[in-house]
Structure formats: C-alpha cells, structure tokens
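Colleague: missing the sequence, but the structure's below:
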C-alpha cells in the first residue's frame, strides 16, 4: 500500500480529564499545573478560582490565559469549549502566547464527557488542528461505588474512558478498593486502571492513550486496550470483556467484542454503522476497532451519535486481517449488532 501523508501528523493531542463530583479532578489538575514536565502543555479549565493557582507561579497573564513558571499554560473557558480551543490555537499561531504541544481539558461541570468528545470529532475546524488522545476518568474510592450504583452519568464516564484512575484509595479499605476495581473492569474491560492518592500522577501517564499515527506499529492498536488482543486471541467473538456486574452496578452496560472475517466495502460498513447509530445511538456509548475495508486496515471510533473520521493505516500492524470491533453499549446484545450488519448486507460469506 502506498503511504500517503499521515492524517494525524501535526495535530495537537487532547486529553480529557473527567470524573463525578468529588472524584479529585481539582487536586489532580492543581498538581499537574506545578509539575516540571508540563512545559509546553495548555490546561483548559472552567474556572481558575477553583484550582487556586499560586500567584508566585504565574509569570504572565492575559484575560483568560496564564503562563506559569514551568512553561505550562492555564486557560479558562470564557464562552464555550469550541471558542476557547479556536482562540487558543489562533493565539498560538500568531505568537501571542507561548507555544504548546498538548492540551489537557478538565471537564468540571460537564457530567457527560460525550459532548466534548463529539465536539472534537464533528467540528471540522477543530478537527484540522486537534485530535483526541484519550479520556481519563477519575473515580473516588470512597464514594465511587455508591455513585456508580445510582448515577448514570458516573457509569457513562467510566464507559467512555481510556484510562481509569481510582483516587482517595488511602481513605478506603483495601477490600473495597479491590471490589471497585473489579466493578470498573466490568463496566469497561478495555480501559487501564491506575491507583493514586492526593492527585499524585506523572503527566506522561496521561499521554499516548489514543491513536498517535497512521503508521503501522505495535502501538497502533494500543489505544484499543490490552483486552483487545486477548479478546480475539482465539480468532472468535468475545461476547463480553470484563466481569459481568452485580445487579446494583449497571448490569445494562456491556463491553462486546465482535469479529468479522470477510472484508467490508466502506459503503456497507458505513451503512451498518449509520443504521446502528440511528436506531441505538444513545445506547452506543463508545466503539473502537480496526476494519478490513477491501484489504486495507481502517481504524474507526464512535461515541454515541458521532463517528470520528476514519484513519487508514499504512499497513496492518499484525498478521491478523480480520475486522475487530469493541462496542461499549447499554442494553444492546452482540447478536443484535451482528443481525444489523447482516441486514444491510455488510457481512459476506
């Protein structure tokens, strides 16, 4: 396959940090803002006052952007996120603010991270400059179990995450932390789980969670999660990834791993996904996978009603040429998804 320009090259990676109320996002962001490795990073938050930046750390400040002593930019959302990201990029290009190579967005006040993900995927202007690198969801070890039991937003935050960070585990019993870890893996078996207290985490741990290049490599599929290769190691469907959950912990959320051995045309695959999104988009929490489109490996992602632009890799990252898709869904069975693909003629014998 002739290699064309990498469509991800030059785009600024964006990391979303989300989590339910009290999960420790403010503590984490405050520590990140003072970390020496945060030079050339822009951190977008809703309100500087919530973070409490020490004035001694601020080297230069404009109306909504503060340059910190370590070279990190702290930017406040004045109108909406789209305007803020456009303005931030425009100021960077014009040399009005310090250059930055990465953006971290703290989603305080946004219980549902899906609209932010969809903004990056659907706004063509932002999509030309930024790419989603990953979603980091914080879960409180003390209050998280009850929140997951009664708050659908908390469950959704976990379902769309690429990395799950359990916070405040120093305040919880080890057995409770273990149970919570199993619950999280049951909701989202593909996300890595990290433990921390007092927001102590290295910035590098929050990077490289997404697809970083269209070049085939071992890391090309890393963003799909460790369970991805395990799920398909036998060359068959893995109906469920992660543990089945007790009744009080979102039994309707399932991580389904489906395999399709015959190649697709893009038209038939897109038709099947369009129908699935049209009929059950609200329950299609996240989709990730690699699809064989007439012999070419195409990486696809979706969040509810929005499909990310597909990325064609320059080669297959392994010998496996089958299409492998991971669906995190609410009350959608694997057989229903297969039946829908079959109905539009996407599956060929």
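Modeller: Nice, thanks for sending it over. Treat the numbers as computed from the prediction; the structure is a model and nothing was measured.

Colleague: Give me the neighbour count for residue 267.
Modeller: 12 (other C-beta atoms under 10 Å). From N, CA and C alone the C-beta is placed, and that goes for glycine too.

Colleague: my bad, residue 37
Modeller: For residue 37, using other C-beta under 10 Å, the count is 14.

Colleague: low-scoring stretches of the stretch 151-300 of the chain, by residue?
Modeller: 218-251 (pLDDT under 70).

Colleague: quick one: the helices in it?
Modeller: 152-159, 174-187, 226-231, 266-280 (DSSP state H, counting those that start in this stretch).

Colleague: which helices and strands sit right next to the last one?
Modeller: The reference is to helix 266-280. Counting by 3 or more C-beta pairs under 8 Å, 6 or more residues apart in numbering; DSSP states H and E, the packing neighbours recorded for helix 266-280 are strand 284-293, strand 296-303, helix 334-343.

Colleague: Format these as CSV; extra columns: mean neighbour count and distance to residue 81.
Modeller: Listed next are these as CSV, based on neighbours: other C-beta atoms under 10 Å; distance: least, C-beta to C-beta, whole Å:
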stretch, mean neighbour count, distance to residue 81
strand 284-293, 22, 19
strand 296-303, 21, 15
helix 334-343, 16, 31
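
Colleague: Now these in JSON lines, please, with extra columns for distance to residue 107.
Modeller: Output for the helices and strands packed on helix 266-280, formatted as JSON lines (distance: least, C-beta to C-beta, whole Å):
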{"stretch": "strand 284-293", "distance to residue 107": "16"}
{"stretch": "strand 296-303", "distance to residue 107": "14"}
{"stretch": "helix 334-343", "distance to residue 107": "29"}
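
Colleague: Relative to residue 173, which of those is closest?
Modeller: strand 284-293 (29.9 Å; C-beta to C-beta).

Colleague: just how off-centre is that closest one within its chain?
Modeller: 13 Å (C-alpha atoms, centre = their mean, to the nearest Å).

Colleague: Mind giving me the packing neighbours of it?
Modeller: With contacts defined as 3+ C-beta pairs under 8 Å, 6+ apart, strand 284-293 has these neighbours: helix 152-159, strand 253-260, helix 266-280, strand 296-303, strand 323-330.

Colleague: Domains in the chain, by residue range?
Modeller: What the TED database lists as the domains of the chain is 12-205, 226-347.

Colleague: Ok, which of the ones you listed comes nearest residue 215?
Modeller: Nearest of those (C-beta to C-beta): domain 226-347, 5.5 Å.

Colleague: and that closest one, how far from the chain's centre?
Modeller: 16 Å.

Colleague: ok so, going back, the helices and strands packed on strand 284-293: which one's closest to residue 5?
Modeller: strand 296-303 (15.9 Å).

Colleague: Check which helices and strands the following helix or strand past the closest one is in contact with.
Modeller: Proceeding N to C from strand 296-303, the next assigned helix or strand is strand 306-307, under DSSP states H and E. With contacts defined as 3+ C-beta pairs under 8 Å, 6+ apart, the packing partners of strand 306-307 are helix 114-122.

Colleague: switch to 10 Å and redo it
Modeller: helix 114-122, helix 266-280 (3 or more C-beta pairs under 10 Å, 6 or more residues apart in numbering; DSSP states H and E).

Colleague: Pairing partners for that strand, with directions?
Modeller: Sheet pairing of strand 306-307 (DSSP bridges) gives strand 296-303 (antiparallel).

Colleague: which of the helices and strands packed on strand 306-307 is buried the deepest?
Modeller: helix 114-122 (a mean of 19; mean count of other C-beta atoms under 10 Å).

Colleague: about what we covered before: out of the helices and strands packed on helix 266-280, which comes closest to residue 19?
Modeller: Of all the helices and strands packed on helix 266-280, it is strand 284-293 that lies closest to residue 19, at 16.4 Å by C-beta to C-beta.

Colleague: got the angle for that closest one vs helix 152-159?
Modeller: 30 degrees (axes from the mean of the first three to the mean of the last three C-alpha atoms, to 10 degrees).

Colleague: What does the pLDDT read for residue 5?
Modeller: Looking at residue 5, its pLDDT stands at 76.

Colleague: picking that back up, can you put the domains of the chain in CSV and add distance to residue 5?
Modeller: Shown next, in CSV, are these (distance: least, C-beta to C-beta, whole Å):
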stretch, distance to residue 5
domain 12-205, 13
domain 226-347, 10
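
Colleague: Looking at the ones you listed, spot the one closest to residue 211.
Modeller: domain 226-347 (5.8 Å).

Colleague: Quick check: residue 124 vs residue 200, distance?
Modeller: Distance, residue 124 to residue 200, by C-beta to C-beta, to the nearest Å: 38 Å.

Colleague: so can I have a markdown table of the helices and strands packed on strand 306-307 showing distance to residue 167?
Modeller: Shown next, in a markdown table, are the helices and strands packed on strand 306-307 (distance: least, C-beta to C-beta, whole Å):
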| stretch | distance to residue 167 |
| --- | --- |
| helix 114-122 | 20 |
| helix 266-280 | 32 |
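
Colleague: Ok, which of the ones you listed comes nearest residue 102?
Modeller: Here helix 114-122 is closest among these (C-beta to C-beta), at 13.8 Å.
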